[in-house]
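J.: starting from these lines, generate the structure:
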Amino acid sequence: MHAPHFRLDGKVALVTGSSRGLGKAMAFALGSAGARVAFNYLNDEALAKRTFNEYRALGYEGGLFRASVIDEAEVQRLNSEIVAELGAVDIVVVSATPMQPLKRIEDYDWDFYQSMLDYFVRSPYLLTRAVLPHMKEQRWGRIINLTSEVFKRGVAPFSAYSAAKGAQNGWSRSMALELAPFNITVNMIAPGWIPVERHANDPQHEKDAYRSLIPMNRWGVPTDVGGACVFLASDAASFITGADLHVNGGMTVG
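T.: Next up, the predicted model:
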């Protein structure tokens, strides 16, 4: 009996918000495993092009696509463009995110709460609807939501983000059961605080405080999340669905 493998040759993967940070790490990891990766961005075209050129320089296959993943028409267009250039999407990794300020409940307004729900519930809903006909037809698919440890840890003052991540978690669990009969898995990767570009100006005392709590006694790095993504996308994880895989060195257990 052959052991399950982690190669993704012949698969097409879409990673939203993949110009930088954890999205970039997951896109590069999927490309290194043989997938043709659709990089998605919205605002910073120059950064997106630099990232994609870096990716192509490694010999990986893929394409670069601009679209808002919270707009239904844009998502439909994005899917059509990927199909035309790379082929039908087999793997969706939902990673795009808005800014995530920590604020007291009195300092939020509903528009900000709604922006969190748009990215963490509306976006995976729209993306899944767009790619689902192909996945159901071939009876194989992978949907991977980048969630967060904050839902389990109850981080404060972070209510808008935490609430939306909780909703994303619930959506993923329900979809996992709905799509399981079609051999389509729906899983979550919940990173801890893994410093990337957007954390460059975070207060050092806050970084030190978090770092002191990590049981594995080191910072997580983006490739830790990339490896988890390849695993969940591969045939090695074909019997895993509805999982919430915490990549945080033991900050949350059980």
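
J.: run through the residues that contact residue 28.
T.: By Cβ atoms under 8 Å, 6 or more residues apart in numbering, the contact set of residue 28 is 55, 58, 60, 226. Backbone N, C-alpha and C define where each C-beta goes, glycine included.

J.: no, scratch that, I was asking about residue 215
T.: 249-251.

J.: most neighbours among the residues you listed, which one?
T.: Using other Cβ atoms under 10 Å as the neighbour test, these are led by residue 251, with 20 neighbours.

J.: find the nearest non-adjacent residue to it, please.
T.: Excluding the flanking residues, the one nearest residue 251 by Cβ to Cβ, 6 or more residues apart in numbering is residue 192, at 5.0 Å.

J.: any idea how far the one you found lies from residue 171?
T.: 22 Å (Cβ to Cβ, to the nearest Å).

J.: again, but for residue 103
T.: Counting by Cβ to Cβ - residue 103 and residue 171 are separated by 24 Å.

J.: please enumerate the strands of the stretch 51-200 of the chain.
T.: Listed from the start of the chain, the stretch 51-200 of the chain has strands (DSSP state E, counting those that start in this stretch) covering 62-66, 91-94, 141-146, 184-191.

J.: buried deepest among these, which one?
T.: The highest mean neighbour count among the strands of the stretch 51-200 of the chain, using mean count of other Cβ atoms under 10 Å, belongs to strand 91-94: a mean of 28.

J.: tell me which other helices or strands it touches.
T.: strand 12-15, helix 21-32, helix 123-138, strand 141-146, helix 222-233 (3 or more Cβ pairs under 8 Å, 6 or more residues apart in numbering; DSSP states H and E).

J.: most packed of these?
T.: strand 12-15 (a mean of 29).

J.: so what are the sheet partners of that strand and their directions?
T.: Strand 12-15 has these partner strands in its sheet, going by DSSP bridges: strand 36-41 (parallel), strand 91-94 (parallel).

J.: alpha carbons of it, as PDB, please.
T.: Output in PDB follows, covering the C-alpha atoms of strand 12-15 (Å, rounded to 0.1, in the frame of the first residue of the first chain):
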ATOM      1  CA  VAL A  12      -5.200  24.600  -9.900                       C
ATOM      2  CA  ALA A  13      -5.200  26.600  -6.600                       C
ATOM      3  CA  LEU A  14      -6.600  30.100  -5.900                       C
ATOM      4  CA  VAL A  15      -5.100  31.900  -3.000                       C
END
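
J.: understood, closing this out.
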